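[1] Quick one, what's the 3D model for this:
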Amino acid sequence: MTQSHPALTIVDHPLVQHKLTLMRRTETSTGEFRRLLREISMLLAYEATRDLETETRTIDTPLEPMQAPRLAGKKLALISILRAGNGLLDGVLELIPSARVGFVGLYRDEETLQPVRYYFKVPTELEERVVIVLDPMLATGNSSAAAVAMLKEAGAHDIRFMCLLAAPEGVARMAEAHPDVPVITAALDRKLNERGYILPGLGDAGDRMFGTK
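    Take a look at the predicted model:
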């Protein structure tokens, strides 16, 4: 795959890469995997929110009044693609506790690799919010592109997509379907295998997070 996304950001911070390496290891326990995912999601969210708008307000410090910046506009909307997106959601909410939260339920048909929708509940007034879509794996990109399309239909237009790992195929799919949506990830891996899993990857993020098979 040679096509890339016009707004792909790979967060190569040493802490991000170190934690990702620990997550990739087969011997990493479910509890440790969840903890690392929560920690790395906060670091990725730092990059995903770098350009948020601020406004200046007068506040009182213990010593004197001052003009200080704070976030402007409506509360952010964090959209978790179920079920694995919840692992990223926990960490981002620690960083942005006032954010509104929504959920998109999609599962991948193992035969066609196409997304099937089973749940959709999102905050109101998406057109006035920065929307961050959360899913650990951008593999084929079909589910991610479908979720973003649903959010656009619901009114969202300032959307960012945040994932732990991406495959070139998924990045290309998002570039084709949503070139206006920035993609923030910790790594761009080599390719997908015949089952649609990222290589070298880290296995199924949902199974490793929840201890299921």
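
[2] Buried residues, the helix ranked longest in the chain. List them.
    In the chain, with assignment by DSSP state H, the single longest helix is helix 30-48. Buried positions in helix 30-48, judged by neighbour count with 16 or more other CB atoms under 10 Å: 33-45, 47-48. Backbone N, C-alpha and C define where each C-beta goes, glycine included.

[3] Report the mean per-residue pLDDT for it.
    Average pLDDT, helix 30-48: 95.

[4] Which other helices and strands does that helix contact?
    helix 14-24, helix 85-95, strand 130-134, strand 158-162, strand 183-185, helix 205-210 (3 or more CB pairs under 8 Å, 6 or more residues apart in numbering; DSSP states H and E).

[5] what do you get if the cut-off is 7 Å, keeping everything else the same?
    Judged by 3 or more CB pairs under 7 Å, 6 or more residues apart in numbering; DSSP states H and E, the packing partners of helix 30-48 are helix 14-24, helix 85-95, strand 158-162, strand 183-185, helix 205-210.

[6] Single out the most deeply packed of those.
    strand 183-185 (a mean of 25; mean count of other CB atoms under 10 Å).

[7] List the strands paired with whichever helix or strand comes after that strand, with their directions.
    The helix or strand immediately downstream of strand 183-185 is strand 187-188, counting by DSSP states H and E. Strand 187-188 has these partner strands in its sheet, going by DSSP bridges: strand 165-166 (parallel).

[8] got the contact list for the strand it pairs with?
    136-138, 183, 185-189, 198, 201-202 (CB atoms under 7 Å, 6 or more residues apart in numbering).

[9] if we can go back for a sec, how distant is the longest helix of the chain from the center of its chain?
    11 Å (CA atoms, centre = their mean, to the nearest Å).

[10] quick check: angle from it to helix 85-95?
    With axes from the mean of the first three to the mean of the last three CA atoms, to 10 degrees applied, the angle from helix 30-48 to helix 85-95 works out at 60 degrees.

[11] packing partners for the helix or strand following helix 30-48?
    Sequence-wise, the next helix or strand downstream of helix 30-48 (DSSP H and E) is strand 54-60. Packed against strand 54-60 by the contact rule (3+ CB pairs under 7 Å, 6+ apart) you find strand 65-71.
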